[in-house]
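A.B. asks: One predicted model, sequence on top.
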Amino acid sequence: MHVDEVCRALCATVSPDLTQRCDAETYLNNCRQTVGFPLLLLQLVQEHCSVSANEQSAVIRSSAAIYFKNLIEKSWEADPKGANEILMADGDRNAIKAHIVKLLCECGSFEDIRQQLSQALSLMAASDFPGKWESLLPEIVKNLEGGDRETTSGMLLAANSILKRFRFTYKSDALYSELKYVLGILAAPLTALLMRLGQALDVADDDQKCCKEVLESLRLACRIFYSLNWQDLPEFFEDHMAEWMGQFEKYLGYKSKAPQNEGDDECIVRLQSAIMDNISLYAQKYEEEFTPFLPRFVSATWQRLIKLGLLPKHDRLAAASIRFLAEVASKQMHTTMFMEGNALSQVIEAIVLPNMSIQDSDIELFEDSPLEYISRDFESADAETRRRGACDLIAALCKHHNATTTRVCVDYIAAMLQKYAESPSEHWRSKDTALHLVISLTGRAESPARGSDKFPDQINFMEMYSLHIVGEIAAQASSHPIILADAIKFVCTFRNHIPPEELVKLLPLLGWRLCNTEVVIRSYAAACIERILAAPGKIAKDQIEPMLTQLFEALLVVPEVALTGSPSYSDSMPWENEYAMKAVMRLLVASQESVIPIVKSITEKLCNSLTRACVNPGNPRFIHYLFESLAILVRVACKADSSGTLTNQFEQTFFPQFQVILQMDIVEFAPYVFQILALILRYKHALSDAYASLLPALLHPALWERCGNVPALSALLEAYLAVGADQLVASNQLEPILGVFQKLLASKLSEAHAFDLLKSIILHVDSIVVDRYIMTILQLLLTRLQQDRDRCDLCHKTLSFLGLLAGKHGGKSLANSIENQQTGLLANLILHVFAPKIAQSDIANPFDAKAIVIGATRILCEAPDVLVNQGDPASWRALGAILVKLLRQIRGQSYTPNESFECAKEIPDGPMASYDATFSKLHFGSKKVEDAFSDIHDVKEFASFHLHQLATQRPHFQPLVSTIQEQ
């Protein structure tokens, strides 16, 4: 490793030539293994920050800083998952900790370098500070007290990054110990620095550059203050609250005297936003201590909001300021502040209405970034917006002044709707504000997707709906697309207030709007259809039937628009509309067997969407709802198709496409494919040639290495066993399946699937065949149990399997098999493993409990001598106690699996976070839980009969049987 070679490699990492970049990255990755390489990177950063400016120096110092930060991220701390194989040498770690703070001070004039080094420092501190790096904070404080402006800014940036750990985290003794340590070193110097920065700002008021640097340092000091105060109010800051609050008040009204260009006040706005966060924190968590300062801040915030412009750069400050007022208004002790004179009317007129009005930036989002607009407006991901702040302020005012707030708002709503009626095209923004004001009066507790059961009493809902909402949806031309979107969102939000007959009339209108050119309107219409169909008891299946074909065609054309190569689609407007696909899923649930006449058309269109998604998987929620829709089609059609024709058609349609997905190794789709294959297979009567030829590939070890595949593959193998066990045995495939069982049993993460697979083998494979392998199976199970005998769940699963085996193959057969492993083993297992664990907790699955009861009964009655060792009946009594406890647990339990589609709560509503290695379970692709003993309806009667038979045939067991019968 030579310095010049490293420099050339760093320069090559930004080369436009792909080969050069790859070679450079390979070389640098190899250098990671060399001791001293991280220090060389820091040395290059330092040298090229001090040399005269030139293009090569800029590239080297920037690339070296970035690579150093990435190196720290990968190699500083051991990854629990073992992803980082090369850890940094202890000598390098110690040297870096000794020099990085100094380097951060020296390179402070280069903002990009400072950011990278600060992030690296934060990563290091996350694992080492304070226990393994006690010198860090004192060194930072030392530089804060004696450094220049650039050094001060760098140290504050570093401290801010390090101390963010105290925000938004759970309290613990360790956390409070660290916080106490930090406060003892930093609180006083930080307060002194705040005062010095204030004095420096007064002196530098005419110097624009100096003013910006000081304002940024003040902002960082405020963010550190926020971190240190988030958990609890420190005694030091309580004692010095007047000093801090005085400075906060000063900067909320600060105006620079230096000549400014447009946009030069950004530093002031960012500082004031940080201050608003601090005083909001105090108003929320430390209201008693903060009360003396509260009126001044309410007044200052009020005045600042009135003067604040509507420019996008002021949005965060405006939102933070309104949130502060909302926090104050929500507290009972401050209610009088908003009731003096016409204060409440002034707040609504001067603060709420201007900030609730739609901004030009929102219109741009609607047109150019519809997904972002939907996220903010429909999914309530708008915490930092003016409109959200204004809605929250109205909700806070309604909390203690509901009647007065509603009366004032109703007057403004009426005035704005009248203004819109006079000139819809000119005053459409007024109606937009009015509709959002109506929603905010309900408390905005629920998003449109969840709906609201509240509506202002002073507004006639049906009158508003008839005059101002339904007409917009039905009109041939709307005054503005946003108003149409607002009307649909209004329906979605207040659907619980709309009579069922009106909802039925709305469905075709919303279906018509699915063809709109605006992504937002199409998405809102689809979401509204889905939510209306999900509303319990609102619309019956026979009311949907006449419009079923129309609605499906409208919903399925939304993603198909992209398949025609429409140029209007891009990354910001993808074709994968999750709302449309979720509505398809919900409509399939609502229509059920009514969909069978058009099942072929729906399947083709869904498969077209799946083909397109295979090229570049984008939206995980769209994909999930697509596969859920396929699963519903299979379940509904195959259940109604006694001939098996539709089942075979699904197999012929899906198999070629699924084979392409597996061959392309699209890891995101594979678990879904396996679940659909399992679902189709369970409706067949025998393995087809396609399924038989697929099995060897399913047993390939590489597929089982991906943890996301395991649940779905296990379910698919269970389906194979349920449908074609004899075929599997004849083709010598049982042993490979048992090999899969052994692999699954070895891991805690997959052992549940191992037991499910084993259960399927016992239920569906001929007992004569199973007996060949039973000794090996028991040996594997008992070895696993010995390794983790303290785990209740493993003990329960093992006992459940043994109960199943005894129930199917006989209690005596099982007892002899276990005794062949080791004499007295069964009695020891019952006494020292199973009985204590059953006493500790109940069996979670009632079908497992039933299997244990039946198996325990057969062992007690068919192999009693094995349990009575040399006249000691302790293990027999213990198994009897297990039997009694489980009979009490399952008393009155129903064993009928619920396969109903009707329950809306069962349908997946939550968003899938992202594509990852975890398993995404299809709700409608899940197999029903099998009752292995469906022929035994009354387990108590079963147990009583066999115990009575034992007492009759072997009278000396009568006393033992009596003890169970008495319980």
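C.D. replies: Thanks, I have the structure now.

A.B. asks: buried residues in the longest helix along the chain?
C.D. replies: Longest helix in the chain, counting residues (DSSP state H): helix 386-422. Under the neighbour-count criterion of 16 or more other C-beta atoms under 10 Å, helix 386-422 has 386-401, 405-406, 408-410, 412-413, 416-417, 419-420 buried. C-betas here are computed from N, CA, C, even on glycine.

A.B. asks: packing partners for that helix?
C.D. replies: Counting by 3 or more C-beta pairs under 8 Å, 6 or more residues apart in numbering; DSSP states H and E, the packing neighbours recorded for helix 386-422 are helix 315-329, helix 343-347, helix 353-356, helix 428-441.

A.B. asks: Report the rounded mean pLDDT for the longest one.
C.D. replies: For helix 315-329, mean pLDDT is 91.

A.B. asks: Residues in contact with it: which ones?
C.D. replies: Applying C-beta atoms under 8 Å, 6 or more residues apart in numbering, the contact partners of helix 315-329 are 269, 272-273, 276-277, 279-280, 283-284, 294, 297-298, 301-302, 304-305, 308, 334-335, 337-338, 347, 351, 355, 359, 361, 383-386, 388-390, 392-393, 395-397, 399-400.

A.B. asks: Name the nearest residue to I632, ignoring sequence neighbours.
C.D. replies: L588 (4.3 Å; C-beta to C-beta, 6 or more residues apart in numbering).

A.B. asks: Check which helix or strand the one you found maps to.
C.D. replies: Using DSSP states H and E, L588 sits in helix 578-591.

A.B. asks: what comes into contact with the helix or strand just after that helix?
C.D. replies: Scanning forward in sequence from helix 578-591 by DSSP H and E, the next helix or strand is helix 599-615. Identification of contacts with helix 599-615 by C-beta under 8 Å, 6+ apart yields 552, 556, 559-560, 562-563, 575-576, 581, 584, 588, 595, 622-623, 626, 629-630, 633, 636-637, 646, 649-650, 653-654, 657, 660-661, 664, 666, 669.

A.B. asks: neighbouring contacts of stretch 172-181?
C.D. replies: Under C-beta under 8 Å, 6+ apart, the answer for stretch 172-181 is P130, L137, R165, F166, T169, L228, Q231, D232, P234.

A.B. asks: Output those residues in JSON lines, with neighbour count and distance to T151 appended to each entry.
C.D. replies: What follows is these, written out as JSON lines (neighbours: other C-beta atoms under 10 Å; distance: C-beta to C-beta, whole Å):
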{"residue": "P130", "neighbour count": "16", "distance to T151": "22"}
{"residue": "L137", "neighbour count": "22", "distance to T151": "16"}
{"residue": "R165", "neighbour count": "17", "distance to T151": "23"}
{"residue": "F166", "neighbour count": "20", "distance to T151": "24"}
{"residue": "T169", "neighbour count": "11", "distance to T151": "30"}
{"residue": "L228", "neighbour count": "23", "distance to T151": "21"}
{"residue": "Q231", "neighbour count": "18", "distance to T151": "29"}
{"residue": "D232", "neighbour count": "13", "distance to T151": "31"}
{"residue": "P234", "neighbour count": "17", "distance to T151": "26"}
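
A.B. asks: Tell me the one of these nearest T152?
C.D. replies: Taking C-beta to C-beta as the measure, T152 lies nearest L137 of the contacts of stretch 172-181, at 15.4 Å.

A.B. asks: where does the spatially closest residue to that closest one that is not a sequence neighbour land in three-state SS?
C.D. replies: Excluding the flanking residues, the one nearest L137 by C-beta to C-beta, 6+ apart is I185, at 5.0 Å. On the three-state scheme (DSSP: H, G, I helix; E, B strand; the rest coil), I185 is labelled helix.

A.B. asks: The residue nearest to I632 reaches A631, doesn't it?
C.D. replies: No - if you go by C-beta atoms under 8 Å, L588 and A631 don't touch, sitting 9.4 Å apart.

A.B. asks: For the two, indicate the residue with more neighbours.
C.D. replies: Taking neighbours as other C-beta atoms under 10 Å, L588 and A631 compare with L588 leading, 26 against 22.

A.B. asks: so who does that one touch?
C.D. replies: L588 makes contact with V595, I602, S629, I632, L633, V636, according to C-beta under 8 Å, 6+ apart.

A.B. asks: Assign a three-state SS to the residue lying closest to V765 once chain neighbours are set aside, would you?
C.D. replies: Leaving out its chain neighbours, the residue that sits closest to V765 by C-beta to C-beta, 6+ apart is A725, at 4.8 Å. When classified by three-state DSSP, A725 comes out as helix.

A.B. asks: so A725 sits right up against V770, yeah?
C.D. replies: No - in this structure A725 lies outside contact range of V770 using C-beta under 8 Å: 10.1 Å.

A.B. asks: With distance to T952 and mean neighbour count as new columns, can the helices and strands packed on helix 386-422 be given to me in JSON lines?
C.D. replies: Shown next, in JSON lines, are the helices and strands packed on helix 386-422 (distance: least, C-beta to C-beta, whole Å; neighbours: other C-beta atoms under 10 Å):
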{"stretch": "helix 315-329", "distance to T952": "77", "mean neighbour count": "24"}
{"stretch": "helix 343-347", "distance to T952": "85", "mean neighbour count": "17"}
{"stretch": "helix 353-356", "distance to T952": "83", "mean neighbour count": "21"}
{"stretch": "helix 428-441", "distance to T952": "74", "mean neighbour count": "22"}
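
A.B. asks: L190 is nearest to which of these?
C.D. replies: For the helices and strands packed on helix 386-422, proximity to L190 was assessed by C-beta to C-beta; helix 315-329 is nearest, at 21.6 Å.
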